[in-house]
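[1] Here is a sequence with its predicted model. Questions after.
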Amino acid sequence: MDSTMRGVCYILLLAIFSQECSLAVAKSSLIKLDDNNWDQILTGHWMVEFYAPWCPACQSLQSHWESFATWSEDLSIKVGQVDVTQSPGLSGRFMVTALPTIFHVIDGEFRQYRSSRTKDEFISFIEEDKWAAIEPIPGWKSPSSLVMSLVSYLFKLSMVLRSIHTKLMEEYGLPTWGSYLIFAVATIVMGALLGILLVAVIDHFYPPKPHTGGKSVANKSDSKGKKKKSDDESGGDDDEEEEDAEANEDEEYDENDDNIKDDLEEDESEKNAGSGSGSEETSSVGGSPRVHKRKSRKAD
């Protein structure tokens, strides 16, 4: 009986020891990633999980993920895990909006895993190359892109501000509105300083041109005066030409009037002279009356 009990105890101890060894191997195969070492996933073949300790779904997945990590050497991949509470920058870089989130990474190409979360399904996903049927994340949304790097810094900044807010309320006893007021004043001050700095930088690279408003106005007034003077001179010349033309026309009219008067006088005198000697002139000319030629007038 004692030997039987001893055998049972040995078996239990062996089972517990083997389980502890398997857990130790799983933990050693599971690589913890953070803001400092995450870039190692840009090379090689990886499966990475994003989780939070307070997340119930993450807690239920933990055993499956650790068991899957023990197959990493057989599958020629690496299995990683990111705690978003400790590395908020990575949650922003990968745009993690739900927990847990799993990514497949091969040579810097990212795909989000959306299948069943079991060890067997993970193994099948790698062995059968199911990841090849998934569309990779576009380059601009890739965690290694400049855009996502800026997003990660914004997430880090938000966590820093949140920790400051918590410290002001818990350690210094400020009310919530007091903490918000401090943040509002700090935001206004920082905005003003950044605006001044931006204006200084622009003025340094693109200095303003010297003001020449007075000279331009004077030049404009001089040009206007010269133009007016030239117009007056040209206007005066035009007036003189018009006066000369009118004077010539008056002279022509006067000459025409004189010619008409002379013609009328000659006609009168010829009529008076013709009344006495009309018969003689008709006989000498052969019975035809004498034709009087008038002087030619000047053309109007």
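    Arrived safely.
[2] Can you give me the buried ones in the one helix or strand I196 maps to?
    Taking DSSP states H and E as the criterion, I196 maps to helix 176-205. Residues of helix 176-205 classed as buried under the neighbour-count rule (16 or more other Cβ atoms under 10 Å) are S179. Just so you know, the C-beta spots here come from the backbone N, C-alpha and C atoms, and that holds for glycine as well.
[3] what about that helix, average pLDDT?
    Taken as a whole, helix 176-205 has a mean pLDDT of 89.
[4] who's in contact with Q86?
    Residues near Q86 by Cβ atoms under 8 Å, 6 or more residues apart in numbering: D34.
[5] How is it classified with respect to secondary structure?
    coil (DSSP: H, G, I helix; E, B strand; the rest coil).
[6] Show me what the helix holding I196 is packed against.
    helix 146-170 (3 or more Cβ pairs under 8 Å, 6 or more residues apart in numbering; DSSP states H and E).
[7] What are the buried residues along the helix it packs on?
    Buried residues in helix 146-170, counted by 16+ other Cβ under 10 Å: M148, V151, S152, F155, K156, M159, H165, L168.
[8] would a markdown table of those with distance to V199 and pLDDT be doable?
    Supplementary listing: the buried residues of helix 146-170 in a markdown table, determined by distance: Cβ to Cβ, whole Å; pLDDT from 0 to 100:
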| residue | distance to V199 | pLDDT |
| --- | --- | --- |
| M148 | 31 | 84 |
| V151 | 28 | 85 |
| S152 | 29 | 79 |
| F155 | 30 | 78 |
| K156 | 28 | 79 |
| M159 | 31 | 77 |
| H165 | 31 | 83 |
| L168 | 32 | 83 |
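[9] Could you check the angle the helix holding I196 makes with helix 146-170?
    Angle of helix 176-205 versus helix 146-170, following axes from the mean of the first three to the mean of the last three Cα atoms, to 10 degrees, is 140 degrees.
[10] so what's D239 scoring on pLDDT?
    pLDDT recorded at D239 is 54.
[11] same question, the one 10 residues further on
    Turning to E249, the model gives it a pLDDT of 58.
[12] swap in the one 10 residues further on?
    In this model, N259 is scored at 62, pLDDT.
[13] likewise V8?
    Note on V8: pLDDT of 50.
[14] helices and strands of the protein: which one bottoms out on pLDDT?
    Lowest by mean pLDDT, DSSP states H and E among the helices and strands of the chain is helix 278-285, with a mean of 42.
[15] which one is L174 nearest to, not counting chain neighbours?
    Leaving out its chain neighbours, the residue that sits closest to L174 by Cβ to Cβ, 6 or more residues apart in numbering is L168, at 4.7 Å.
[16] dump the residue contacts of that neighbour.
    The contact partners of L168, taken as Cβ under 8 Å, 6+ apart, are L174, G178, S179, I182.
[17] Stretch 31-42: which residues count as buried?
    Applying 16+ other Cβ under 10 Å to stretch 31-42 flags I31, L33, W38, I41 as buried.
[18] those helices in the stretch 1-150 of the chain, which residues are they?
    Assigned by DSSP state H, counting those that start in this stretch, the stretch 1-150 of the chain shows helices spanning 2-29, 56-69, 72-75, 88-93, 119-127, 146-170.
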